[in-house]
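K.L.:
mind looking at a prediction? Sequence and model below.
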Amino acid sequence: MVSTRRALLSASGLALALTACGGGAGGSSQPLSALPATLRLADVAILNAALDREYELIAAYTAGIPLLVQPGKLAAEQFLGQHLAHAGELAGWVKQAHAKPSKPLSAYRLGRPRTAAGTLTGLLSLENAMIASYLAAIPRLAPGKLRANTASILANEAQHVVVLRSVLGRRPAASALVTGRV
Amino acid sequence: MRAPSSQARSGNGREPDGSGTRRRLIAGGLAACVASAPPVSRPAEARAVARAQTDAELIARALAVQQLEAFAYRRLLGSSELRPDAVALLRDLAGLEVQHAAALSAQLIRLGAAVPAGPADLAAADRALARHQVSGRIAGTRSQHACVKLLIDLESVAEGSCYETIAKLAAPELAALAAELMGSEAQQWTLLDQLQHHDVVRAVPGPFVEGS
């Protein structure tokens, strides 16, 4: 989204939300199975980059939900909670490697959507970008379990995409392979 | 995936339905040749050979699930109790499963492995469902609710198959392909659940998709 307006989302607010969902402490309501203890520095960098993107999505959903109408609003609220869980899990993996999880920015450039459809389109675009970035990350991650757990998050993002496309009146499952490329 | 270990060898001629085909016999012969071949002298080459075999087995297992899905969609689409919107969705999703199977088959061929045949008949497909601990059976399933429930359960198996495969694959590019497939299976799960329950919250129940 091209933007001039900034989402009114403070870093402290985001941190509070992450704490509320168990994130940042390495957990979520349904944590994935434990990872091997030997995460590399390269893995940590990849995970922190993914965490940065999750923060951006959290900010986008937080800013966008007030503009939405049903059924998109209900879905977006659900997806926001799931992105918070993703961020919590990613931060937890980084901590498992005895590294510091990256922190959310104080503000994000999220564009200026004026309609519910415009907001959903922006969210869809960010979700697709997130999927593409997870797909680029998965082959570069070393432990197989970490790859699988990352794919587990990607698959949830893919579910978000199919719902957002449905709400926007587009063909839900556009292709046989989920690549994040539109 | 909770498949018994014998199924892990489906790419090497031991299909779940126990049927033998020329293709499998050839695969078995190739495996025997590899087994009797002199050891590869360089460790890197030896690792590469071992990796290719393991990845081929994993891909063959994942392919068997995709073939089972394609078979199930095709047969259940024959039910006269499906409403038009269900028929349209199931047709769409059946097409995706065929493409998934083609993508995995192409990788198996690239790895020099035999492509297993899908379920030979309804009985074989139902036996495969039982092995995957899916409670429904294709035979006798007619109502739309039962058809969709069976397919949702099967999509969960496919998700689990991808998850397990990604964790074990040695080749990074194959892990990425399996992740693309897993995303698609998760989308199909969501679409089927929406068809069944008309509830967007229920259709994306949790933040992590691992299947069964």
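P.N.:
That came in fine, so what should we check first?

K.L.:
please make it C-alpha for all contacts and neighbour counts, starting now.
P.N.:
Noted.

K.L.:
tell me which parts of chain B are close to chain A?
P.N.:
B:96-97, B:99-100, B:163-164, B:166-169, B:172-173, B:175-177, B:179-184, B:186-188, B:190-191, B:200-201, B:204, B:206-210 (CA under 8 Å from any CA of the partner chain).

K.L.:
pLDDT of the helix or strand where A:Gly92 lies, averaged?
P.N.:
In this structure, A:Gly92 sits in helix A:72-96 according to DSSP states H and E. When pLDDT is averaged over helix A:72-96, the result is 96.

K.L.:
number of nearby residues for B:Leu195?
P.N.:
As a burial measure, B:Leu195 scores 18 neighbours (other CA atoms under 10 Å in any protein chain shown).

K.L.:
which residues touch B:Arg202?
P.N.:
By CA atoms under 8 Å, 6 or more residues apart in numbering or on different chains, the contact set of B:Arg202 is B:Asp193, B:Gln194.

K.L.:
go on, A:Leu90?
P.N.:
By CA under 8 Å, 6+ apart, the contact set of A:Leu90 is A:Gly26, A:Leu47, A:Asn48, A:Ala50, A:Leu51.

K.L.:
list phi and psi for A:Arg109.
P.N.:
Backbone torsions of A:Arg109, given as degrees, to the nearest 10, read phi -80, psi 110.

K.L.:
any idea which residue is closest to the centre of chain A?
P.N.:
Nearest residue to the geometric centre of chain A (CA atoms, centre = their mean): A:Glu54, 3.3 Å.

K.L.:
element containing it?
P.N.:
For A:Glu54, the host element (DSSP H and E) is helix A:41-64.

K.L.:
hey, C-alpha coordinates of that helix in PDB?
P.N.:
Extracted in PDB, the C-alpha atoms of helix A:41-64 (Å, rounded to 0.1, in the frame of the first residue of the first chain):
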ATOM      1  CA  LEU A  41      22.700 -17.300  13.700                       C
ATOM      2  CA  ALA A  42      21.400 -17.400  10.100                       C
ATOM      3  CA  ASP A  43      18.200 -18.900  11.300                       C
ATOM      4  CA  VAL A  44      17.700 -16.200  13.900                       C
ATOM      5  CA  ALA A  45      18.200 -13.500  11.300                       C
ATOM      6  CA  ILE A  46      15.500 -15.200   9.100                       C
ATOM      7  CA  LEU A  47      13.100 -15.600  12.000                       C
ATOM      8  CA  ASN A  48      13.600 -11.900  13.000                       C
ATOM      9  CA  ALA A  49      12.900 -10.800   9.500                       C
ATOM     10  CA  ALA A  50       9.700 -12.800   9.500                       C
ATOM     11  CA  LEU A  51       8.800 -11.400  12.900                       C
ATOM     12  CA  ASP A  52       9.200  -7.800  11.400                       C
ATOM     13  CA  ARG A  53       6.700  -8.700   8.700                       C
ATOM     14  CA  GLU A  54       4.200 -10.200  11.200                       C
ATOM     15  CA  TYR A  55       4.400  -7.000  13.200                       C
ATOM     16  CA  GLU A  56       3.500  -5.000  10.100                       C
ATOM     17  CA  LEU A  57       0.500  -7.300   9.500                       C
ATOM     18  CA  ILE A  58      -0.600  -6.900  13.100                       C
ATOM     19  CA  ALA A  59      -0.400  -3.200  12.700                       C
ATOM     20  CA  ALA A  60      -2.300  -3.300   9.400                       C
ATOM     21  CA  TYR A  61      -5.100  -5.500  10.900                       C
ATOM     22  CA  THR A  62      -5.300  -3.300  14.000                       C
ATOM     23  CA  ALA A  63      -5.600  -0.200  11.900                       C
ATOM     24  CA  GLY A  64      -7.900  -1.700   9.300                       C
END
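
K.L.:
returning to that earlier point: list the residues that contact the residue nearest to the centre of chain A.
P.N.:
Contact analysis of A:Glu54 by CA under 8 Å, 6+ apart lists A:His83, A:Leu84, A:His86, A:Ala87, A:Met130.

K.L.:
export these as JSON lines, with columns for distance to B:Lys149 and neighbour count.
P.N.:
Listed next are the contacts of A:Glu54 as JSON lines, based on distance: CA to CA, whole Å; neighbours: other CA atoms under 10 Å in any protein chain shown:
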{"residue": "A:His83", "distance to B:Lys149": "28", "neighbour count": "24"}
{"residue": "A:Leu84", "distance to B:Lys149": "30", "neighbour count": "27"}
{"residue": "A:His86", "distance to B:Lys149": "28", "neighbour count": "31"}
{"residue": "A:Ala87", "distance to B:Lys149": "32", "neighbour count": "32"}
{"residue": "A:Met130", "distance to B:Lys149": "30", "neighbour count": "22"}
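
K.L.:
find the residue closest to B:Leu82 in space, skipping its chain neighbours.
P.N.:
B:Gln144 (5.0 Å; CA to CA, 6 or more residues apart in numbering or on different chains).

K.L.:
hmm, back to that, okay, the residue nearest to the centre of chain A: pLDDT?
P.N.:
98.

K.L.:
could you do the one 5 residues further on as well?
P.N.:
In this model, A:Ala59 is scored at 97, pLDDT.

K.L.:
and the one 4 residues further on, by the same measure?
P.N.:
Listed pLDDT for A:Ala63 reads 96.

K.L.:
try B:Gly28
P.N.:
The per-residue pLDDT of B:Gly28 was computed as 36.

K.L.:
picking that back up, out of the contacts of A:Glu54, which touch chain B?
P.N.:
By CA under 8 Å from any CA, the members of those lying near chain B are A:His83, A:His86.

K.L.:
widest-spaced pair of the contacts of A:Glu54?
P.N.:
Greatest spatial distance among the contacts of A:Glu54 (CA to CA): A:Leu84 and A:Met130, at 14.0 Å.

K.L.:
please list the residues of chain A that sit near chain B.
P.N.:
So far as CA under 8 Å from any CA goes, chain A lies against chain B at A:30, A:32, A:71, A:74-75, A:78, A:82-83, A:85-86, A:135-136, A:138-140, A:143-149, A:151-160, A:162-163, A:173, A:175-179.
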